[in-house]
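A.B. asks: Using only what follows, build the 3D model:
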Amino acid sequence: MQNAACIDLTTAARSVQRFRINGFTATKESLGLPSRACSVGGHSWRIEFDPDGRNSGHVYFGDPWVTFRATLTSKAHGAAASFSCCLVDPVSMAPDPSTGKLASSSFYKNSGLNIALMARSDLEASKYLKDDCVIVQCVITVLLAEPKDATTAAAAAYASPRVPSADLHQQLGDLLRSGTGADITFIVAGESVTAHRSVLAARSPVFMAELFGDMKEKASQCVEIEDMEAEVFRAMLRFIYTDTVPELGNKMKGEQATAMAQHLLEAADRYGLKRLKKICVEKICTTMNVDTVATTLALAEQHGCSKLKARCMKFTLANLSAVSATEGYKHLEASCPSVLTELLKLMLEGYK
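C.D. replies: You can find the predicted model right below:
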């Protein structure tokens, strides 16, 4: 059966801009906002760089975020557009989609959209800062009026068929759900979960060692997973197969999502899933509050998350009275007494 041709229902204009920020360390002292003008979709735009997020209000728990803003400078009545930013690897010069942020809006003259790209302290410690220089790729996409001649568009679609979007993650997700060809079973909290050795080993160095190395799990058809909930293990497997974590998106909300992020961070550290670990840290940082910060601080200490730990320390010191009254603080006292010593040291330094 021949695949049906794909006909464009919408059209869009796109402009990709790359900005090299030289002398990045000194930009936090700058009073002005560096900007560049561009034209996209028949409209004039300005992209501004806010080095510490203070001008755009993106300061979280005392930690400023590097922010970019797209502003429509020409007259328009509800121009539908999106704005995205991501960091560029200074070695390969390839944009890193894992750092990307995307937002959309209906724009009018002088209206704008902010992208809080990354906490400044995280960026300063990252591989993206080289020779005190950072490269950022910004993309403005403007939705255009729909094609006037649908017949012509259809004919063009048949004449020039387009390559379908990548759907490997969907196919692997279907493989996980169906269990077709599964060759290993995990027992997690009394529940059976099937998977495929090769997929697990390709994504996790720990699974590689366990299932194809000299460990006892290599010869086992059934492996028991201790100290993990079945729901968390399944979420981790979904990430391994699809590189997505719907549980931390729209699938879960509030405290439930925060708890899942904490459990998944432990699982990610246990199985060497660095990207999942970073996703969990970002989720935890955005939902941190007085009730969760002490538990999160203990988690960061136990799993070597130095940036998360630093952010928790700042938040705790700023809200010490309220935090010390929580159950999580009692857990912190019992599990990580050395962290309390560090907190006390920081307090004393603050009073000098």
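A.B. asks: how many other residues sit next to His303?
C.D. replies: By other C-beta atoms under 10 Å, 18 other residues sit near His303. C-beta here means a position set from N, CA and C on the backbone, and glycine is covered the same way.
A.B. asks: Could you report the distance from it to Thr180?
C.D. replies: Distance, His303 to Thr180, by C-beta to C-beta, to the nearest Å: 34 Å.
A.B. asks: Likewise for Ser105?
C.D. replies: From Ser105 to Thr180 the distance is 43 Å (C-beta to C-beta).
A.B. asks: ok, the two, which is more surrounded?
C.D. replies: Ser105 (16 against 10).
A.B. asks: Any regions of the stretch 1-150 of the chain where pLDDT drops low?
C.D. replies: Within the stretch 1-150 of the chain, the stretches with pLDDT under 70 are 1-5, 31-33, 54-62, 146-150.
A.B. asks: Swap in 90 and give it another go.
C.D. replies: 1-11, 25, 27-35, 41-42, 50-66, 75-79, 103-114, 116-122, 124-125, 144-150 (pLDDT under 90).
A.B. asks: Where do the strands of it begin and end?
C.D. replies: 12-22, 35-40, 43-50, 59-60, 63-72, 77-87, 101-108, 112-119, 133-143 (DSSP state E, counting those that start in this stretch).
A.B. asks: would CSV of the ones you listed with distance to Asp269 be doable?
C.D. replies: Converted to CSV, the strands of the stretch 1-150 of the chain look like this (distance: least, C-beta to C-beta, whole Å):
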stretch, distance to Asp269
strand 12-22, 32
strand 35-40, 40
strand 43-50, 33
strand 59-60, 23
strand 63-72, 22
strand 77-87, 24
strand 101-108, 25
strand 112-119, 20
strand 133-143, 28
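A.B. asks: need the contact list for the most centrally placed residue in the chain.
C.D. replies: In the chain, the residue lying closest to the centroid (C-alpha atoms, centre = their mean) is Ile279, at 4.7 Å. By C-beta atoms under 8 Å, 6 or more residues apart in numbering, the residues touching Ile279 are Val245, Leu248.
A.B. asks: now swap in Gly179 and tell me
C.D. replies: Thr194.
A.B. asks: same question, Cys280
C.D. replies: Leu248, Ala261, Gln262, Leu264, Leu265, Ala268.
A.B. asks: rerun at 6 Å
C.D. replies: Ala261, Leu264, Leu265 (C-beta atoms under 6 Å, 6 or more residues apart in numbering).
A.B. asks: which one in the residues you listed is the model shakiest on?
C.D. replies: In terms of pLDDT, Ala261 ranks lowest among the contacts of Cys280, with 92.
A.B. asks: Quick check: chain neighbours aside, which residue is closest to it?
C.D. replies: Lys283 (4.2 Å; C-beta to C-beta, 6 or more residues apart in numbering).
A.B. asks: Would you confirm that that neighbour contacts Leu248?
C.D. replies: Yes: counting by C-beta atoms under 6 Å, Leu248 is a contact partner of Lys283 at 4.8 Å.
A.B. asks: who touches both of the two?
C.D. replies: Joint contacts of Lys283 and Leu248 (C-beta under 6 Å, 6+ apart) are Ala261.
A.B. asks: from the middle of its chain, how far away would stretch 15-28 be?
C.D. replies: A distance of 21 Å separates the centroid of the chain from that of stretch 15-28, by C-alpha atoms, centre = their mean, to the nearest Å.
A.B. asks: Begin at 64 from now on, thanks
C.D. replies: Happy to do that; since the first residue is 64 now, the last one works out to stretch 78-91.
A.B. asks: Which residues does that stretch contact?
C.D. replies: Stretch 78-91 has contacts (C-beta under 6 Å, 6+ apart) with 101, 103, 114-115, 195-203.
A.B. asks: What's the PyMOL line that selects buried ones from the residues you listed?
C.D. replies: To isolate the buried ones among the contacts of stretch 78-91 in PyMOL, judged by 16 or more other C-beta atoms under 10 Å, type:
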select buried, resi 101+103+114+115+197+198+199+200+201+202+203
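A.B. asks: Pull the most distant pair out of the contacts of stretch 78-91.
C.D. replies: Using C-beta to C-beta, the contacts of stretch 78-91 span at most 30.4 Å, a distance reached by Val103 and Asp195.
A.B. asks: could the contacts of Cys343 be laid out in JSON lines, adding secondary structure?
C.D. replies: Shown next, in JSON lines, are the contacts of Cys343 (DSSP: H, G, I helix; E, B strand; the rest coil):
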{"residue": "Ala324", "secondary structure": "helix"}
{"residue": "Leu327", "secondary structure": "helix"}
{"residue": "Leu328", "secondary structure": "helix"}
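A.B. asks: filter those to the buried ones?
C.D. replies: Buried among these by 16+ other C-beta under 10 Å: Ala324, Leu327, Leu328.
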